[in-house]
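> Here is my input, please return the structure:
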Amino acid sequence: MNGVAPPRITGRLIAGSLPILFGLLFTLDNLGVVNAGSVFDYWPVIPIVIGLVKVLQPRHEGERTFGWILIAIGVFFLLQVFAFWHVRFAWPVLLVVLGGFLVWRGLRRQAAPGEAALAPGSLQHDFAFMGGVHRVVETSDYRGGDATAIM
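Prediction:
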């Protein structure tokens, strides 16, 4: 082949396509071709599409999980649009799912293959709940890490 990579669907591509789509939709509404009166009721389709892109074309492991979360949030609100689920019943379920995800993520945190051989301090994992964390990394072998902050 010629070595040219196929184009990826990126956030910038989606962000540019949405105004075009809405502009065309509202233009057709002004011309009387379609009725776009309730188009904003279907806004949950946007996080579903972004989530699908992140699940199907992840740049790193965390994006796939984030994509599934976006899909779940979009489906959650889309079910409310179609009156299958009401808000007062759904919010507690959403909180339970979010808490379960955070607990699952905290429990599954184990050393990755080869991680045990790294120098101490080369990977950093922090969690802050209603507060903050201040870390100073002084190792020359810093490899990255993750941080979770709530509120």
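
> Helices along this structure, start to end?
11-30, 45-56, 61-81, 87-107 (DSSP state H).

> Relative to residue 141, which of those helices is closest?
Each of these has some distance to residue 141 by C-beta to C-beta; the shortest is helix 61-81, at 21.0 Å. In short, each C-beta sits where N, CA and C put it, glycine included.

> contacts for that closest one?
Outside helix 61-81, the residues within contact range by C-beta atoms under 8 Å, 6 or more residues apart in numbering are 41-48, 50-56, 58, 85-87, 90, 94, 97, 101, 146.

> quick one: low-confidence parts of this structure?
Residue ranges of the chain with pLDDT under 70: 1-12, 14, 84-91, 106-121, 151.

> would CSV of the helices of the chain with distance to residue 135 and mean neighbour count be doable?
CSV is the format used below for the helices of the chain (distance: least, C-beta to C-beta, whole Å; neighbours: other C-beta atoms under 10 Å):
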stretch, distance to residue 135, mean neighbour count
helix 11-30, 28, 11
helix 45-56, 28, 17
helix 61-81, 19, 16
helix 87-107, 18, 11
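
> just so I know, which of the ones you listed lies nearest residue 123?
The stretch from those with the least distance to residue 123 (C-beta to C-beta) is helix 61-81; that distance is 14.1 Å.

> starting at the chain centroid, how far to the closest one?
Remark: helix 61-81 is offset 7 Å from the chain centroid, using C-alpha atoms, centre = their mean, to the nearest Å.

> Nearest residue to residue 36 in space, please, no chain neighbours.
In space, and not counting its chain neighbours, residue 36 is closest to residue 29: 3.8 Å by C-beta to C-beta, 6 or more residues apart in numbering.

> again with residue 70
Spatial nearest neighbour of residue 70, chain neighbours left out: residue 51 (3.2 Å); criterion: C-beta to C-beta, 6+ apart.
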